[in-house]
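Engineer: sequence? don't have it. structure:
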Ligand SMILES: Nc1ncnc2c1ncn2[C@@H]1O[C@H](COP(=O)(O)OP(=O)(O)OP(=O)(O)O)[C@@H](O)[C@H]1O
Ligand SMILES: [Mg+2]
């Protein structure tokens, strides 16, 4: 009885919501219906193309697809949808680039550890958080050893790295290195010491005033000029420098926003208790400012993650670079939609994840402060 | 009775740009004295007491606290801040820290006290301000009166010799003013040296050794409370008192 009653109530709730929000007036109903038809058309077209009439590993004759001529849509033009075989064929490159395939387990190992390394930073109420945070600090060394090699592991030069590995490497390392740098920049920009302050302002404004592509070119061409002879950082490292500097300027501005939101009374109270500048900054200002700044920080991270695809213009093969290389291969050429849809999907998954995380935090901040 | 001068202000002047906030301030505070400062809004009361722990810098004249002169020397500022506590109108508790962490923070970081000991000290002062049961809460969960008492406990935990209060009850609802004043009266009875900016004249009559009236950046009148309230010398003091007491 009661459960039925509850069901009725909740059904009514949805019903009421729908009436109130979608069909409240004549025009509202019309817009709702047109929008639904539109969504249905697009959705069914896409699903049909991507799933129902698509090839995965075999074509409509049941033959394994070994090159583009086997794709159903190339045999019977207009009848069939996507030919995902190109993604299968190039899967290893998409994931690892030209990383030797017998060593690819090392990359997989790092991929598997990555969530463990960031979970402690993302969530503050998980059990054993302290140990996760310790792991966050050890992780870069493990990752470096596993990916690059060293005693006991063969060396795999970064010129062999590619695909998702390069995308994630630049995104995660760039963000990780930019974070401490951006805190220093943001604090420096508010410093009372004119030289430090103007250095930070000039740096931040210069970087923000220049497109990432320019920075990538600059790092690629100029970095060797600044370094002593014989030190010749590889392309990936040069890109990392550019990406880190770029990200740190944007993050610094996000953090500055948080710093500005801290009332002056907080600093005065800390000073009157005898805390010095660094203690006040570390214990009072930053914990509050960073909390406020996390949503805008995550926004800059989403931006950066997508922008890493620009490295293909300095000859690095990130996800997009690998995709374009696959398309340049005569056996698979012209399967543009499949490649770009796949790459978009991968980027989307990561960025959507970050975006949801940011929303989750905003909600959490609201409840924390009430 | 030997008197020890713990605060000496000599011809102190301060400007905000070209606005002259403090004009030739002379003030001597002896150990254990309670001084209540009043005056109209904008007369420089806050500025004066904030100069004593260098939240504001003065430009002219000397300020000596416990024999240490306030200059740009950071070491002197540190020494003085360790001995001078301050309570603000807006409480200024640290919202991201629990009550007990608010209080034990400075003993741990400034006095390098072990955490356990600092928390014991914190609890002792929470008992003193009569809210030990709130130790684990966050400032946002407390009433204004409770927050101000935590702020007093936080200052006391550094074991200062001098306490500065800048309108500690002005931001409180009337029913909470008494609980804060009671704590301050108790503190006064224990012999703390106190400088209090307040318009609570009942409190002033109870605890003050000296009353100070400020106007337009000057100390206009300084007297014992009975003289101050019964026959103030300056007309401005009279006017101010008539306004505030008839309120
Ligand atoms: N940072 C500042 N910059 C410029 N002027 C200031 C600053 N702080 C205070 N003033 C000015 O200095 C004067 C004295 O301020 P102060 O806060 O000391 O007054 P007060 O006597 O405490 O007044 P109230 O009773 O309103 O707290 C005021 O006219 C104020 O506008
Ligand atoms: Mg004031």
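Structural biologist: All right, it came through fine. The shown structure was predicted, so the numbers you read here are calculated from the model rather than taken from an experiment. Numbers count the residues shown, from 1 in each chain, chains lettered A, B, ... in the order given. Ligands and ions are numbered 1, 2, ... in the order given.

Engineer: Could you report the neighbour count for residue A:320?
Structural biologist: Using other C-beta atoms under 10 Å in any protein chain shown, residue A:320 is surrounded by 24 other residues. (Each C-beta comes from the backbone N, C-alpha and C, glycine too.)

Engineer: And residue A:284, by the same measure?
Structural biologist: For residue A:284, using other C-beta under 10 Å, the count is 22.

Engineer: Quick check: closest non-adjacent residue to it.
Structural biologist: residue A:270 (4.7 Å; C-beta to C-beta, 6 or more residues apart in numbering or on different chains).

Engineer: Count the residues that sit near that neighbour.
Structural biologist: 24.

Engineer: Let me see the contact set for it.
Structural biologist: A:279, A:280, A:283, A:284, B:94 (C-beta atoms under 8 Å, 6 or more residues apart in numbering or on different chains).

Engineer: possible to save the residues you listed as TSV with distance to residue B:8?
Structural biologist: As requested, the contacts of residue A:270 are exported to TSV (distance: C-beta to C-beta, whole Å):
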residue	distance to residue B:8
A:279	29
A:280	28
A:283	33
A:284	31
B:94	32
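
Engineer: Restricted to helices, list these.
Structural biologist: residue A:279 (DSSP state H).

Engineer: Which of the contacts of residue A:270 sits closest to ligand 1?
Structural biologist: Nearest to ligand 1 among these is residue A:280, at 18.9 Å by C-beta to the nearest ligand atom.

Engineer: Which element, helix or strand, includes the closest residue to that closest one other than its chain neighbours?
Structural biologist: Using C-beta to C-beta, 6+ apart and skipping residues adjacent in sequence, the residue nearest residue A:280 is residue A:270, 4.1 Å away. Assessed by DSSP states H and E, residue A:270 sits inside helix A:264-272.

Engineer: Pull out the buried positions in that helix.
Structural biologist: Neighbour-count burial for helix A:264-272, counted by 16 or more other C-beta atoms under 10 Å in any protein chain shown, picks out A:266, A:267, A:268, A:269, A:270, A:271, A:272.

Engineer: gap between the most centrally placed residue in chain A and residue A:208?
Structural biologist: What sits nearest the mean C-alpha location of chain A, by C-alpha atoms, centre = their mean, is residue A:305, with 3.8 Å. Per C-beta to C-beta, to the nearest Å, residue A:305 is found 18 Å from residue A:208.

Engineer: what's the pLDDT at residue B:2?
Structural biologist: Note for residue B:2: predicted pLDDT of 59.

Engineer: the bottom helix or strand of the chain by mean pLDDT?
Structural biologist: Answering for chain A, as no chain was given. Of all helical and strand segments in chain A, the minimum by mean pLDDT, DSSP states H and E falls on helix A:2-22, at a mean of 72.

Engineer: just checking, what packs against the longest helix along chain B?
Structural biologist: Secondary structure of chain B per DSSP H: the longest helix is helix B:174-189. Helices and strands touching helix B:174-189, by 3 or more C-beta pairs under 8 Å, 6 or more residues apart in numbering or on different chains; DSSP states H and E, are helix B:144-156, strand B:193-197, helix B:201-207.

Engineer: quick one: which of these is nearest chain A?
Structural biologist: Evaluated over the helices and strands packed on helix B:174-189, closeness to chain A peaks at helix B:144-156, with 7.0 Å, by C-beta to the nearest C-beta.

Engineer: quick one: furthest residue from the center of chain B?
Structural biologist: Computed with C-alpha atoms, centre = their mean, the residue of chain B farthest from its C-alpha average is residue B:116, at 28.5 Å.

Engineer: SS state for that one?
Structural biologist: Secondary structure, DSSP: H, G, I helix; E, B strand; the rest coil: residue B:116 is helix.

Engineer: which ones are touching it?
Structural biologist: Taking C-beta under 8 Å, 6+ apart, one finds nothing in contact with residue B:116.

Engineer: how close does it sit to residue B:34?
Structural biologist: 34 Å.

Engineer: what's the answer for residue B:193, then?
Structural biologist: 8 Å.

Engineer: Mind checking which of those two has more residues around it?
Structural biologist: Each of residue B:193 and residue B:34 has its neighbours counted (other C-beta under 10 Å); residue B:34 has more, 25 against 22.

Engineer: correct me, but the more buried one touches residue B:194?
Structural biologist: Yes: shown here, residue B:34 and residue B:194 form a contact pair, counting by C-beta atoms under 8 Å, at 4.6 Å.

Engineer: quick one: common contacting residues for these two?
Structural biologist: Contact criterion C-beta under 8 Å, 6+ apart; residues bridging residue B:34 and residue B:194 by contacting each: B:188, B:207.

Engineer: where does chain B have low pLDDT?
Structural biologist: B:1-2, B:247 (pLDDT under 70).

Engineer: What residues does it have near chain A?
Structural biologist: B:53, B:55, B:78, B:81-82, B:84-86, B:88, B:90, B:92-96, B:105-106, B:109-110, B:140, B:151, B:154-155, B:158 (C-beta under 8 Å from any C-beta of the partner chain).

Engineer: Might you report the residue contacts of residue A:294?
Structural biologist: Contacts of residue A:294 by C-beta under 8 Å, 6+ apart are A:358, A:361, A:365.

Engineer: give me the element it is part of.
Structural biologist: helix A:286-307.

Engineer: quick check: mean pLDDT across the next helix or strand after that helix?
Structural biologist: Using DSSP H and E, the helix or strand that follows helix A:286-307 in sequence is helix A:319-328. When pLDDT is averaged along helix A:319-328, the result is 92.

Engineer: Could you pull out the buried residues of the helix or strand following helix A:319-328?
Structural biologist: Later in the chain than helix A:319-328, the nearest helix or strand by DSSP H and E is helix A:336-369. Residues of helix A:336-369 classed as buried by neighbour count (16+ other C-beta under 10 Å): A:338, A:339, A:342, A:343, A:346, A:347, A:350, A:354, A:357, A:358, A:361.
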